[in-house]
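Participant: Give me a 3D structure for the following:
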Amino acid sequence: MYVLTKPARLSADRVSVHTGLHPDLVRRFAALGLIECAVDDGGRLWFPPDTAARIARIQRLRRGLSLNYNAIGLVLDLLDRIRVLEAQVHGSETSWR
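Facilitator: This is a model prediction of the structure:
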């Protein structure tokens with residue numbers, strides 16, 4: 001079977017396969033708010049397709065800076081805010097031209 005499109009959401013097991021992490025650690029990241037997820041009526045967690053990239057960033061922060069998960073959450077929030085601000089700055093620069 002060949003997948004022609006990216007899935008709209010991934011199960012914890014699928015994220016686990018993509019990242020090499022145990023599914024319980026994927027669920028823990030979700031519980032800590034480090035990665036986004038939705039919960040269906042059956043209580044199953046579903047993750048957006050970019051979750052593997054976010055987990056890779058978490059692992060780099062943990063390994064490279066020896067941060068605990070609370071600190072990683074703060075750093076991720078700050079990096080997200082910086083990305084938004086940079087996009088706004090770049091957007092306003094192009095409107096000046």
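Participant: which residues sit in contact with Tyr69?
Facilitator: Under the criterion of Cβ atoms under 8 Å, 6 or more residues apart in numbering, the neighbours of Tyr69 are Phe29, Leu32, Leu34, Arg62. All C-beta atoms are positioned from the backbone trio N, CA, C, and that covers glycine.
Participant: redo that, cut-off 10 Å
Facilitator: For Tyr69, the contacting residues are Arg28, Phe29, Leu32, Gly33, Leu34, Ile58, Leu61, Arg62, by Cβ atoms under 10 Å, 6 or more residues apart in numbering.
Participant: of these, buried ones?
Facilitator: For the contacts of Tyr69, a burial check counting by 16 or more other Cβ atoms under 10 Å picks out Phe29, Leu34, Ile58, Leu61.
Participant: Now for the last one, which secondary structure element holds it?
Facilitator: Read that as Leu61. helix 51-65 (DSSP states H and E).
Participant: helices or strands up against that helix?
Facilitator: helix 12-19, helix 23-31, helix 69-96 (3 or more Cβ pairs under 10 Å, 6 or more residues apart in numbering; DSSP states H and E).
Participant: Of the contacts of Tyr69, which is the nearest to Ser11?
Facilitator: Nearest to Ser11 out of the contacts of Tyr69 is Phe29 (Cβ to Cβ; 14.2 Å).
Participant: out of everything not next to it in sequence, what's closest to the spatially most central residue of the chain?
Facilitator: The residue lying closest to the centre of the chain (Cα atoms, centre = their mean) is Arg54, at 3.1 Å. In this structure, Arg54 finds its nearest non-sequential neighbour in Ile35, 5.3 Å apart by Cβ to Cβ, 6 or more residues apart in numbering.
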